[in-house]
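[1] no sequence for this one, just the structure:
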């Protein structure tokens with residue numbers, strides 16, 4: 001959803017992604033972002049810079065500068081700070097945050113943020129433990145569970161806001177499968193055939209980038 005937003009407001013067709021450490025969760029998020037962006041503009045590219053940090057302002061600023069010089073006019077940052085947003089604001093580009101809504105830190109740049117909300121799940125587990133009904137299970141919550149959310153969009157048209165809301169409903173209902181084929185990687189190799197979908201185990205071990213992502217999925 002954030003990829004859709006980014007591609008919809010981008011004038012250059014180049015998006016930047018400032019990522020922390022190269023492991024499957026992060027790689028998966030970059031790929032989902034790229035696929036969303038490509039659903040709007042098939043020619044969009046996503047340039048990735050690794051910081052090997054979750055929140056080093058100086059490193060983030062340097063990464064943001066590299067991406068802006070490469071033509072990126074929207075920066076997504078999988079970081080635990082608002083440094084990218086502040087740098088984006090001072091350079092006239094848009095910013096997508098991660099983990100929490102830090103829009104007040106750089107309101108002129110803020111586009112949206114992917115946010116996590118675990119309270120409901122924690123309360124559910126605690127109540128089950130208290131009544132003796134809890135059984136350990138593998139849990140991977142998403143939009144439909146309220147664990148994942150998209151912060152309010154800023155500086156976009158009502159039309160785009162409505163389109164993204166519609167896409168969110170499709171994801172929640174299971175009508176839109178993010179990693180359903182055909183999907184090819186950076187080398188042009190088909191990773192997911194038409195009509196197939198990556199399994200949870202395959203998503204948990206993802207170590208490759210989809211076509212259109214520029215950069216290496218490794219340090």
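    In hand now; what should we look at? Here the structure is a predicted model, which is why all the values come from computation and not from measurement.

[2] When you work out contacts or count neighbours from here on, use the C-alpha atoms and nothing else.
    Will do.

[3] What segments of the chain are strands?
    14-19, 45-50, 74-78, 94-99, 110-116, 148-150, 183-184, 190-192, 213-214 (DSSP state E).

[4] From those, pick the one with the highest average neighbour count.
    With neighbours defined by mean count of other CA atoms under 10 Å, none of these is more surrounded on average than strand 74-78, at a mean of 29.

[5] what are the ranges of the helices in this structure?
    All helices of the chain, identified by DSSP state H, fall at 2-9, 24-40, 57-69, 83-90, 119-130, 158-173, 200-204.

[6] what's in contact with the fifth one?
    I take that to be helix 119-130. Contact with helix 119-130 is made by 134, 146, 147, as judged by CA atoms under 8 Å, 6 or more residues apart in numbering.

[7] Dump these to a markdown table, plus pLDDT, neighbour count and distance to residue 30.
    Shown next, in a markdown table, are these (pLDDT from 0 to 100; neighbours: other CA atoms under 10 Å; distance: CA to CA, whole Å):
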| residue | pLDDT | neighbour count | distance to residue 30 |
| --- | --- | --- | --- |
| 134 | 96 | 13 | 34 |
| 146 | 93 | 16 | 21 |
| 147 | 95 | 16 | 19 |
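
[8] Got the confidence number for the residue nearest to residue 60 when sequence neighbours are not counted?
    Once flanking residues are discounted, residue 60 sits nearest to residue 84: 5.9 Å by CA to CA, 6 or more residues apart in numbering. If you check residue 84, the pLDDT there is 97.

[9] Contact partners for residue 84?
    When contacts are counted by CA under 8 Å, 6+ apart, residue 84 touches 57, 60, 61, 64, 75, 77, 95.

[10] could you measure the second one against residue 81, distance?
    For residue 60, the distance to residue 81 (CA to CA, to the nearest Å) stands at 9 Å.
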